[in-house]
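K.L.:
I would like to see how this sequence folds:
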Amino acid sequence: MAERGGGDRDREQQVEAVRDRLHELRERRGQARRRHSEAEGQRERREGSGKERSAGRSRRRLDVPRVPRRRLVPDYDPESFGRASERIARFLGTGRFIVWMTVVIIVWVVWNVAAPDGLRFDNYPFIFLTLMLSLQASYAAPLILLAQNRQDDRDRVNLEQDRKQNERSIADTEYLSREMASLRMGLGEVATRDWIRSELQDLMRDLEERGAIEERVAQETERERR
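P.N.:
Residues are numbered from 1 along each chain as shown. Below is the predicted model:
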């Protein structure tokens, strides 16, 4: 009996130890789950804050106007500058510009040759005049090139539009030719007035021939009866 009592106590102690062990494992598992859920929540909060910051940046980029940056080169409208360069290049290529430039050069030379010494501002060999002409030529060349480039761009656009227009015209012509061919084929199968007239004449001939044959047959049968 004493041995049985001792065995039962040992079993109870083992069962209690197992229960304690299971309870401890459950608590550890619960703690691990809580730590995992807390870590997930922190990560989600960090991701959410990062998304909000990126969204805020994008909103700032799209909604808030940017602060204009300082540039060394002044801002200008390329289209207006191009139109002005075309007007200047068009004026430089006219006879009016040549006449006015010739008049200015003649007046310049005559004044600096015939005027008193105190009133002359560019003595011979007219270095200031040469400098002014060189400056005018140095500005005129790039302005003329810019105007030519703009004209080339316009010509390219016009050529592209003409090519598309030609393609549409060719397509329309092919469509019309196909429609005309189909109409001709359809008209070839339509009964015309002459064809109907000829068919009616053939039918009348056939009826007349049949009527004549029937009369002959009737006459022969009457003769036989007689």
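K.L.:
got the residue ranges for the helices in this structure?
P.N.:
Ranges of helices within the chain are 2-62, 78-92, 95-114, 127-188, 193-225, based on DSSP state H.
K.L.:
can you give me the offset of the shortest one from its chain's centre?
P.N.:
Put plainly, it is helix 78-92. Once both centres are worked out by Cα atoms, centre = their mean, to the nearest Å, helix 78-92 turns out to sit 29 Å from its chain's centre.
K.L.:
how much does that helix deviate in direction from helix 95-114?
P.N.:
Angle of helix 78-92 versus helix 95-114, following axes from the mean of the first three to the mean of the last three Cα atoms, to 10 degrees, is 70 degrees.
K.L.:
and what of the last one?
P.N.:
Relative orientation of helix 193-225 and helix 95-114, computed by the same axes, to 10 degrees: 170 degrees.
K.L.:
quick one: low-confidence residue ranges for the protein.
P.N.:
Residue ranges of the chain with pLDDT under 70: 1-15, 17-18, 22, 48-68, 71, 73-76, 186-192, 226.
K.L.:
re earlier: winner for burial among the helices of the chain?
P.N.:
helix 78-92 (a mean of 14; mean count of other Cβ atoms under 10 Å). No exception for glycine: its C-beta is placed from N, CA and C like everyone else's.
K.L.:
check which helices and strands it sits against.
P.N.:
In terms of contacts (3 or more Cβ pairs under 8 Å, 6 or more residues apart in numbering; DSSP states H and E), helix 78-92 is packed against helix 127-188.
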